[in-house]
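Undergrad: Predicted model follows, preceded by the sequence.
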Protein chains: 2
Amino acid sequence: MKSTSTPHGAAPDPASTAVAGTAAVTDGGGPGRRDAEATKAAILRAARHLLARHAHADITLKAVAERAGVSPPLIMKYFGNKETLFARVMSFEEDAAVLLDAPLADLGPHMVRHVLVSQSERGADPLLRIVFAPLQGTQGDTLRANFRTQVSDRLALRLDGPDAGLRAELAVGMLLGLGVMYGIARGGELRAAPLDAVVERYAPAVQAYLTP
Amino acid sequence: MKSTSTPHGAAPDPASTAVAGTAAVTDGGGPGRRDAEATKAAILRAARHLLARHAHADITLKAVAERAGVSPPLIMKYFGNKETLFARVMSFEEDAAVLLDAPLADLGPHMVRHVLVSQSERGADPLLRIVFAPLQGTQGDTLRANFRTQVSDRLALRLDGPDAGLRAELAVGMLLGLGVMYGIARGGELRAAPLDAVVERYAPAVQAYLTP
């Protein structure tokens, strides 16, 4: 019983950002381009933060702008309007591409490590915003449909053998559980443990669904 | 890819109740006693439903009463006031007692089965309301503290060997992930699969943390 262990990880304010999703990846552009990407990422983080706490209908562009420290017109410049911004936030497409970017034989450890690194280094999680679907009414159904087609089904397509769909859902379920325990329940033991040790303990069960 | 499979399970409106927690267990009392227990269970379900969608501070006893189909004074008769009602809803004590009620050698399958039966038969989950902690501000910290002491730490106390605390958190994480995939993401394959088959596929990984 070492529940008093202090959390590690550099994530600022994990309560606010643990479900914010991965930030935009910077590219080889110049400083201006990187600033724009950083600003876009801040806007997405702000939108995700609010979406974990308020129904979509109650969130204004102004609230997103205030939280991101930018002006509403800048959000419109980058993302169009509120609907297109939230369509982007409710999509798992970009996060799934990174999450699933490994050969099948090594995909379990890759996914577990990606969840842990996202949580501990960026206070983000590639999948966890699905848990706020109940808060979002009909938009929650959009979130669920995206999750299915962009994450579970996409993983299932890569699996051989029987029950690929079920195996994919159980593997994804394990990743979600790890994210909940790390980012929401904030398990003190998990947050204090060396990342490699957690990967070693958790990934084999995930991999067993992928290559049984 | 059989993502069009229809869900099974008798749970009405899983979107509303999937995180509502287990209903009160009826005892050997007469019909009046059973009615009272059913009413109390309905009140707790209503409170849990609202807590998944609104900040604690924004929920009124009147709203709970309306959703439960009872009068506010009846809630006060059974639970005292809003604070004592929500203290009860934010406690995992009763749910953990049922969840952990099996010998250690069989606890993994027991816990996985309990989550699946709760979800599929009652549209409830013993643990899943922890995921709404971010919505609850400082009350979310109460929820997290309860979760740690009443669930993770309580399980860890039963485990032998090294890293009992970490192993308990990872086992509980897997249960949370199963609940998220079933009750929130509503994985079609998982919901369509025979319960025994899911227990057989999922429980060994949980058990491996308990008796490695």
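TA: Yes, it's here.
Undergrad: Determine the longest helix present in chain A.
TA: helix A:31-51 (DSSP state H).
Undergrad: Tell me where chain A is predicted with low confidence.
TA: A:1-31, A:34 (pLDDT under 70).
Undergrad: so who does the residue nearest the centre of chain A touch?
TA: By Cα atoms, centre = their mean, chain A has its centre lying nearest to residue A:126, at 2.0 Å. Residues in contact with residue A:126 (Cβ atoms under 8 Å, 6 or more residues apart in numbering or on different chains) are A:21-22, A:92, A:95-96, A:98-99, A:114-115, A:118. C-beta here means a position set from N, CA and C on the backbone, and glycine is covered the same way.
Undergrad: now swap in residue A:175 and tell me
TA: A:99, A:111-112, A:115, A:127, A:206, B:177.
Undergrad: how would you label residue A:191: helix, strand or coil?
TA: Under the three-state scheme (DSSP: H, G, I helix; E, B strand; the rest coil), residue A:191 adopts helix.
Undergrad: Please report how far it lies from residue A:143.
TA: To residue A:143, residue A:191 is 26 Å away according to Cβ to Cβ, to the nearest Å.
Undergrad: And for residue A:96?
TA: For residue A:96, the distance to residue A:143 - Cβ to Cβ - is 13 Å.
Undergrad: Also residue A:101?
TA: 22 Å.
Undergrad: quick revisit: kindly reformat the contacts of residue A:126 as JSON lines containing secondary structure.
TA: Shown next, in JSON lines, are those (three-state DSSP):
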{"residue": "A:21", "secondary structure": "coil"}
{"residue": "A:22", "secondary structure": "coil"}
{"residue": "A:92", "secondary structure": "coil"}
{"residue": "A:95", "secondary structure": "helix"}
{"residue": "A:96", "secondary structure": "helix"}
{"residue": "A:98", "secondary structure": "helix"}
{"residue": "A:99", "secondary structure": "helix"}
{"residue": "A:114", "secondary structure": "helix"}
{"residue": "A:115", "secondary structure": "helix"}
{"residue": "A:118", "secondary structure": "helix"}
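Undergrad: Give me the phi and psi for residue A:173.
TA: The phi/psi pair for residue A:173 (degrees, to the nearest 10) reads phi -60, psi -40.
Undergrad: Would you mind confirming that it is in contact with residue B:189?
TA: No: using Cβ atoms under 8 Å, residue A:173 is not in contact with residue B:189, being 10.6 Å away.
Undergrad: Who are the packing partners of the longest helix of chain A?
TA: Judged by 3 or more Cβ pairs under 8 Å, 6 or more residues apart in numbering or on different chains; DSSP states H and E, the packing partners of helix A:31-51 are helix A:14-17, helix A:61-68, helix A:72-79, helix A:82-89.
Undergrad: go with 6 Å
TA: Judged by 3 or more Cβ pairs under 6 Å, 6 or more residues apart in numbering or on different chains; DSSP states H and E, the packing partners of helix A:31-51 are helix A:61-68, helix A:82-89.
Undergrad: Now do the first one against helix A:31-51, angle only.
TA: Between helix A:61-68 and helix A:31-51, the angle formed by their directions is 120 degrees, by axes from the mean of the first three to the mean of the last three Cα atoms, to 10 degrees.
Undergrad: Report the inter-axis angle for helix A:61-68 versus helix A:72-79.
TA: Using the same axes, to 10 degrees: helix A:61-68 against helix A:72-79 is 90 degrees.
Undergrad: Mind giving me the packing neighbours of helix A:61-68?
TA: helix A:31-51, helix A:72-79.
Undergrad: Can you tell me which of these is most buried?
TA: helix A:31-51 (a mean of 18; mean count of other Cβ atoms under 10 Å in any protein chain shown).
Undergrad: circling back: could you find the closest non-adjacent residue to the residue nearest to the centre of chain A?
TA: Once flanking residues are discounted, residue A:126 sits nearest to residue A:95: 3.8 Å by Cβ to Cβ, 6 or more residues apart in numbering or on different chains.
Undergrad: Could you tell me how many residues sit around the one you found?
TA: 21 (other Cβ atoms under 10 Å in any protein chain shown).
Undergrad: and what of the one 4 residues further on?
TA: Applying the criterion other Cβ under 10 Å, we find 23 residues in the vicinity of residue A:99.
Undergrad: Wait, it touches residue A:115, no?
TA: No: counting by Cβ atoms under 6 Å, residue A:115 is not a contact partner of residue A:99; they are 7.9 Å apart.
Undergrad: give me phi/psi at the residue nearest to the centre of chain A?
TA: Main-chain torsions, residue A:126, degrees, to the nearest 10: phi -70, psi -20.
Undergrad: Next one: it relative to residue A:48, how far apart?
TA: For residue A:126, the distance to residue A:48 - Cβ to Cβ - is 12 Å.
Undergrad: same check, this time on residue A:113
TA: Residue A:113 is 22 Å from residue A:48, by Cβ to Cβ.
Undergrad: Up against chain B, what does chain A have?
TA: A:1-3, A:52-53, A:130-131, A:133-135, A:144, A:147-148, A:153, A:156, A:165-166, A:169-170, A:173-174, A:176-178, A:180-181, A:184-187, A:189-190, A:193, A:202, A:205 (Cβ under 6 Å from any Cβ of the partner chain).
Undergrad: ok, residues contacting stretch A:76-95?
TA: Stretch A:76-95 is contacted by residues A:21-22, A:40, A:47-48, A:61, A:126, A:142-143, A:146-147, A:150-151 when judged by Cβ atoms under 6 Å, 6 or more residues apart in numbering or on different chains.
Undergrad: Dump the C-alpha coordinates for stretch A:154-168 into PDB.
TA: What follows is stretch A:154-168, C-alpha atoms only, in PDB (Å, rounded to 0.1, in the frame of the first residue of the first chain):
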ATOM      1  CA  ARG A 154      -9.600   0.400 -38.200                       C
ATOM      2  CA  LEU A 155      -7.600  -1.800 -35.800                       C
ATOM      3  CA  ALA A 156      -9.900  -4.800 -36.500                       C
ATOM      4  CA  LEU A 157      -9.100  -4.500 -40.300                       C
ATOM      5  CA  ARG A 158      -5.500  -5.300 -39.500                       C
ATOM      6  CA  LEU A 159      -6.200  -8.400 -37.500                       C
ATOM      7  CA  ASP A 160      -6.200 -12.000 -38.800                       C
ATOM      8  CA  GLY A 161      -8.100 -14.900 -37.400                       C
ATOM      9  CA  PRO A 162     -11.500 -15.300 -35.800                       C
ATOM     10  CA  ASP A 163     -13.400 -12.600 -33.800                       C
ATOM     11  CA  ALA A 164     -11.100  -9.800 -35.100                       C
ATOM     12  CA  GLY A 165     -13.800  -7.200 -34.300                       C
ATOM     13  CA  LEU A 166     -14.200  -8.300 -30.700                       C
ATOM     14  CA  ARG A 167     -10.500  -8.700 -30.200                       C
ATOM     15  CA  ALA A 168     -10.000  -5.100 -31.500                       C
END
